[in-house]
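J.: following is a predicted model, sequence given first.
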Amino acid sequence: MQQRISDIDALVREEKRLTAVECHNEAWAEGLSAGIESDIIAEAALATACGEILRRSGEAAALGLLERMREKVIAGEFEPVRLRH
């Protein structure tokens, strides 16, 4: 029973994540269409995220988020997908 609840929680969390990504993509597109450069949009998004995590969970959580993002950058997770022919 506990495994089933855990699976459901994971599915709900993933659905929320996908919805958040969709919302952010729409906001990003709106910013670009308003003439805002992508680096300005990105910095504003990161500042908003860090500020919210800091406010809700404290400095350690905000620094943890930044470290996880740093590790993902180093691992190449944000590199564009390239198709091989």
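T.: Sure, I can see it. Please read these numbers as outputs of a predicted model, since none were measured by experiment.

J.: how about low-confidence regions in this structure?
T.: For the chain, applying pLDDT under 70 flags the ranges 82-85.

J.: select the longest helix from it.
T.: Using DSSP state H to assign secondary structure, the helix with the most residues in the chain is helix 2-33.

J.: report the buried residues of that helix.
T.: When neighbours are counted by 16 or more other Cβ atoms under 10 Å, the buried residues of helix 2-33 are found to be Gly31. The C-beta positions use only the backbone N, C-alpha and C, and glycine is treated the same way.

J.: dump the residue contacts of Ala62.
T.: Applying Cβ atoms under 8 Å, 6 or more residues apart in numbering, one finds that Ala62 lies in contact with Cys50, Ile53, Leu54.

J.: about what we covered before: for the helix or strand that the longest helix of the chain is followed by, name the packing helices and strands.
T.: Note on helix 2-33: by DSSP states H and E, the next helix or strand toward the C-terminus is helix 38-57. Contacts defined by 3 or more Cβ pairs under 8 Å, 6 or more residues apart in numbering; DSSP states H and E place helix 38-57 against helix 2-33, helix 59-74.

J.: mind listing what's buried in the last one?
T.: Judged by neighbour count using 16+ other Cβ under 10 Å, the buried positions of helix 59-74 are Ala62, Leu65.

J.: orientation of that helix relative to helix 38-57 in degrees?
T.: Counting by axes from the mean of the first three to the mean of the last three Cα atoms, to 10 degrees, helix 59-74 lies at 140 degrees to helix 38-57.

J.: equivalent analysis for the longest one, please.
T.: Relative orientation of helix 2-33 versus helix 38-57 (the same axes, to 10 degrees): 140 degrees.

J.: now helix 2-33, how far from the centre of its chain.
T.: Centroid separation between helix 2-33 and its chain, computed with Cα atoms, centre = their mean, to the nearest Å, is 9 Å.

J.: now the shortest one
T.: Helix 59-74 has its average C-alpha position 11 Å from the chain's average C-alpha position, going by Cα atoms, centre = their mean.

J.: CA atoms only for it, dumped as PDB, please.
T.: The C-alpha atoms that make up helix 59-74 are tabulated as PDB, following Å, rounded to 0.1, in the frame of the first residue of the first chain:
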ATOM      1  CA  GLU A  59      19.500  29.800   2.900                       C
ATOM      2  CA  ALA A  60      20.700  26.200   2.900                       C
ATOM      3  CA  ALA A  61      17.800  25.200   0.600                       C
ATOM      4  CA  ALA A  62      18.600  28.100  -1.800                       C
ATOM      5  CA  LEU A  63      22.200  27.200  -1.900                       C
ATOM      6  CA  GLY A  64      21.300  23.600  -2.400                       C
ATOM      7  CA  LEU A  65      19.200  24.500  -5.400                       C
ATOM      8  CA  LEU A  66      22.000  26.500  -6.900                       C
ATOM      9  CA  GLU A  67      24.500  23.700  -6.300                       C
ATOM     10  CA  ARG A  68      22.100  21.200  -8.000                       C
ATOM     11  CA  MET A  69      21.700  23.500 -11.000                       C
ATOM     12  CA  ARG A  70      25.500  23.900 -11.100                       C
ATOM     13  CA  GLU A  71      26.000  20.200 -11.200                       C
ATOM     14  CA  LYS A  72      23.400  19.900 -14.000                       C
ATOM     15  CA  VAL A  73      25.200  22.500 -16.100                       C
ATOM     16  CA  ILE A  74      28.500  20.700 -15.600                       C
END
